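Asker: pasting the sequence and the predicted model now:
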Amino acid sequence: MSPEVTIRLLGLGDEALVEAAAQLFDHKPLPEQTRAFLASDREFMWLALKEGLPVGFVSATSILHPDKPPHLFVNELATHQDHWRRGIATRLMRVVEQFGRENDLWPIWVAAEGDDAQAISFYRSLGDMEERGATVFEWE
């Protein structure tokens, strides 16, 4: 990967960067949701920037539960198609891993849909994650 890709943890005031990354999301970011997300102390987003332009992101949520220590759930990981296979997604996930360890947000988990062969292959390639069988149900 070229050295000009930097990764930045976003916070309140970075709404314009999220808007600039709109092509990376499933849907157009909503201004009120973006502000609330960036203001939260339990929501995290790292943006990969190349020459100041967003080329990837990962978002995670700190999960609290009475019988477990706080941990992280990776909500979404995306890299612009023009930048696939350049190590950006791996770097983003390693940043999440480091953040989780440094902030006692452990373990970290992520779910991939059963028919998303690309995501499953990517997470397997990280090598140090344990794969568990799971079935996910969703109300729509």
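Answerer: The structure has been received and is ready for your questions.

Asker: neighbouring contacts of whichever helix or strand Thr6 is part of?
Answerer: For Thr6, the host element (DSSP states H and E) is strand 5-9. Applying Cβ atoms under 8 Å, 6 or more residues apart in numbering, the external contacts of strand 5-9 come out as 17, 44-50, 55, 86, 88, 91-92, 95, 99. All C-beta atoms are positioned from the backbone trio N, CA, C, and that covers glycine.

Asker: distance between that strand and the chain's centre?
Answerer: Relative to the centre of its chain, strand 5-9 is centred 12 Å away, using Cα atoms, centre = their mean, to the nearest Å.

Asker: cool, and stretch 92-105?
Answerer: Chain-centre distance of stretch 92-105: 11 Å, with Cα atoms, centre = their mean.

Asker: coming back round to it: most widely separated two among the contacts of strand 5-9?
Answerer: Across the contacts of strand 5-9, the longest distance by Cβ to Cβ is 22.7 Å; it joins Phe44 and Arg86.
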